[in-house]
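**Q** below is the sequence, then the predicted model.
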Amino acid sequence: MAVDVGLDVARAVEPDRVHRSVYSDPGIFELEMERIFNKVWTYVGHESQVPKVGDYWTVQIGRQPMVMVRHADRSVRVLYNRCPHRGAMLYGDRCGNVGKGIICSYHSWQFDTDGSCKAIPLDKGYQGTRLTPGDDNTNVKNAARVESYRGFVFASLSADGPSLADWLGPAKVAFDDMCDRAPEGEVEVVPTCFRVIQQSNWKIFLENQLDALHPAVTHESTGRAAGEVEEEISRKGGHAPLSYHFLSAFATPITKWDAFQTLGYPNGHCILTGYMGLRPRDPDTLAYEKVMQKAYGKQRMEEILGVNIHHVLLYPGLSVQSPLQQLRAVRPLGVDKTLTEIWHFRLKGAPEAIYRRALGYYNLVNSPSTMVNADDLWNFWKCHKGLESEGGDWVSFHRNAGQDHETNEVTTSVIGTSEQPMRNQFKAWTQYMNGAR
Amino acid sequence: MARKAKAARKGAVGKSVARKGAAPRAKAAPKPANGHDTLRAVEQLLYRQAECLDGKRWQDFIELFTDDGTYWMPAAPEQTTGDGVPSIFWEDRDLMTVRLKRLTHPRAWSQRTAWGTNHVIGNVTIEKEDARSGDLVVRSRFHMMEFRNDSTRHFAGSYVHHLKKTRGGHRIKLQRVDMVNAQGPYEYVLQAWV
């Protein structure tokens, strides 16, 4: 007899398994938009995307079209992309500069970059009506809260809830690790955004990001292909660029993935420790370490470069690959459709070669010609279709269940391939769906 | 007539047909670069390349490139090189070989579904011809329909082929592929070259 949990989220999630409707029921998706995405901190963009006053980028938070814009006082504002007059989006393009101000293309209502209404044409038409120019309801609505951490801007559509720093908690290491690797302590965006749409529920992608059991299976073909060419290059006396290693590392035998570790933090954030060996002894790395040592001193440099992270997941909307200065923002478009926006950052003050090394990864793994995600997205689609089926009710997260170590709200997996990260994500999912802030 | 044809042949890559109604040229002037035979040869090369893709003859595709050849799909139309900037593809022959080996690996899981492409190439124009080396810059437009996983996708854009003249004919030193939707969101990804 099939289990139908309806919209009863308390029945849908158990400590070691999750009902399929959590992925496939459009009603649950709508609840997620309301109870998760309308409340949490959502990554909006990096401050360096809007360097000049009036620069803007449009972005989606949950279901809401928003615009991130640099205000005259240099603060970054996040506004609802909606004219208060008749509701038209103020910007239909992705980015630009507002020029003399935000002007609605429909009836020319004009706004400052903090959303305040500057002018309504022929405003005497409002005399004696319930709309008074100057009233707050003639202003563009702002996101309830905007905060940034080391240049990464987040917004929340909910007036209350934890501060960004509290919400990130120890997972803020995503941005510390990325920025500390810059001799100048900060990063700037590389102005290209790759966008790839997955035909699957957003959670399937997040679960995969810290799933250390899948690479050796899913990416064996690419790992082996890169490894063979890498060997061929050295056989001919050459040196394959590190980008080959990025790919061949995926073919690490399945048994070795247990040597890595995952950490679960509060709010569903989690970490997979590194496996790519990103500190080789080649001349580029040595030159970079020289610059780093000058900037930080030897001891601090060793601390910074000793951080061993593959991915940090900031639940529910961001996957950060700090040692390669890349991130993927997750924008759910529907219950079975998810957009990822993929960005690369440059370490300020680091030699060009270090940027180029990470660029190889951006092109080969994160671009629309990815030889890696091609097989992930195929799995995601197959998962989603399978979870729409009635061939079973539950998704299993039993692997090493009951063995997670929890100290001070940090959960440590016993082995790298433990399904601890998924259990940790669903702990947060349940809290949000039950109304937690 | 015979004398005219002989003059036209002088310095030409191959046999050429003089254009009727073309402006008369000074006797010593070299033959116009984009002679019909060069154009036809180039068109045949582009069609052959499209056939390699549509026929999934990946090794043949790679061999159309010079040993130092590059296949480049920019991330944005204003890019002037793929060196040091994000690209959708920026592959030398070694990286192309990685892609080939992946595509043909028995456990490249997403290759299991039936798929195929159909390229149509047109608007072929010789933009530059180096009279001394015979090297060419050729611009063309493509339209590609892909069938994959029971649905179809359409891609279109322009090619610029930088061709190097070799004993065995022209080979590709650099192919630039500008997708019209380069900056748009991709529904799924591109597994093979376009």
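**A** Okay, I see it. Residues are numbered from 1 along each chain as shown, chains lettered A, B, ... in the order given.
**Q** strands along chain B, start to end?
**A** B:65-74, B:87-91, B:115-129, B:136-148, B:151-166, B:169-179, B:186-187 (DSSP state E).
**Q** ok, A:Pro283 - how many residues close by?
**A** Neighbour count of A:Pro283, defined by other CB atoms under 10 Å in any protein chain shown: 9. C-beta coordinates here come from the backbone N, C-alpha and C atoms, glycine included.
**Q** torsion angles phi and psi at it?
**A** Per-residue torsions, A:Pro283: phi -60, psi -40 (degrees, to the nearest 10).
**Q** quick check, the longest helix along chain B touching chain A?
**A** Criterion DSSP state H: the longest helix present in chain B is helix B:36-54. No. Judged by CB under 8 Å from any CB of the partner chain, helix B:36-54 stays clear of chain A, getting no closer than 13.8 Å.
**Q** quick check, central residue of chain A?
**A** The centroid of chain A falls nearest to A:Leu318 when counting by CA atoms, centre = their mean (1.7 Å).
**Q** need the residues of chain B near chain A, please.
**A** Contact residues (CB under 8 Å from any CB) of chain B with chain A: B:73, B:75-76, B:84-90, B:94-95, B:97-102, B:105-110, B:113, B:149, B:184-191.
**Q** in helices only, show me these.
**A** Using DSSP H, B:94-95, B:97-102 are the members of those that sit in helices.
**Q** distance check, the residue of the stretch 301-437 of chain A found nearest chain B against A:Gln198.
**A** The minimum distance from the stretch 301-437 of chain A to chain B, using CB to the nearest CB, falls at A:Trp378 (3.5 Å). In this view, A:Trp378 and A:Gln198 are 10 Å apart by CB to CB, to the nearest Å.
**Q** how far away from the center of its chain is the helix or strand where the residue of the stretch 301-437 of chain A closest to chain B lies?
**A** A:Trp378 belongs to helix A:373-388 when elements are defined using DSSP states H and E. From the chain centre to the centre of helix A:373-388 is a distance of 19 Å (CA atoms, centre = their mean, to the nearest Å).
**Q** who does the nearest residue to B:Gly116 once chain neighbours are set aside form a beta bridge with?
**A** Among residues not flanking B:Gly116 along the chain, B:Phe147 sits closest, at 5.3 Å (CB to CB, 6 or more residues apart in numbering or on different chains). Counting by DSSP bridges, B:Phe147 is bridged to B:Gly116, B:Thr152.
**Q** which ones are touching the closest residue to A:Phe111 other than its chain neighbours?
**A** Spatial nearest neighbour of A:Phe111, excluding adjacent residues (CB to CB, 6+ apart): A:Ile102 at 4.1 Å. By CB atoms under 8 Å, 6 or more residues apart in numbering or on different chains, the residues touching A:Ile102 are A:69, A:90, A:110-113, A:140.
**Q** list the contacts for A:Val5?
**A** By CB under 8 Å, 6+ apart, the contact set of A:Val5 is A:11-12, A:19, A:21.
**Q** SS state for it?
**A** The local conformation at A:Val5, judged by DSSP: H, G, I helix; E, B strand; the rest coil, is coil.
**Q** separation between it and A:Cys383?
**A** When A:Val5 is compared with A:Cys383 (using CB to CB), they lie 19 Å apart.
**Q** same thing with A:Gly274?
**A** Separation of A:Gly274 from A:Cys383 (CB to CB) stands at 26 Å.
**Q** repeat for A:Tyr91
**A** For A:Tyr91, the distance to A:Cys383 (CB to CB) stands at 35 Å.
**Q** repeat for B:His143
**A** Distance of B:His143 to A:Cys383, computed by CB to CB: 33 Å.
**Q** neighbour-wise, which of the two wins?
**A** A count of neighbours by other CB under 10 Å puts A:Cys383 above the other of B:His143 and A:Cys383, at 20 against 14.
**Q** could you pull up the residues touching the residue in the stretch 1-150 of chain A positioned nearest to chain B?
**A** At 8.3 Å from chain B, A:Arg94 is the closest residue in the stretch 1-150 of chain A, using CB to the nearest CB. For A:Arg94, the contact set (CB under 8 Å, 6+ apart) comprises A:57-58.
**Q** now with 10 Å?
**A** Each residue near A:Arg94 by CB atoms under 10 Å, 6 or more residues apart in numbering or on different chains is listed here: A:56-59, A:193, A:195, B:183-184.
**Q** for A:Trp41, same thing?
**A** Counting by CB under 10 Å, 6+ apart, A:Trp41 has contacts A:61, A:145-147, A:149, A:153-158, A:161-164, A:166-168, A:267, A:314, A:317-318.
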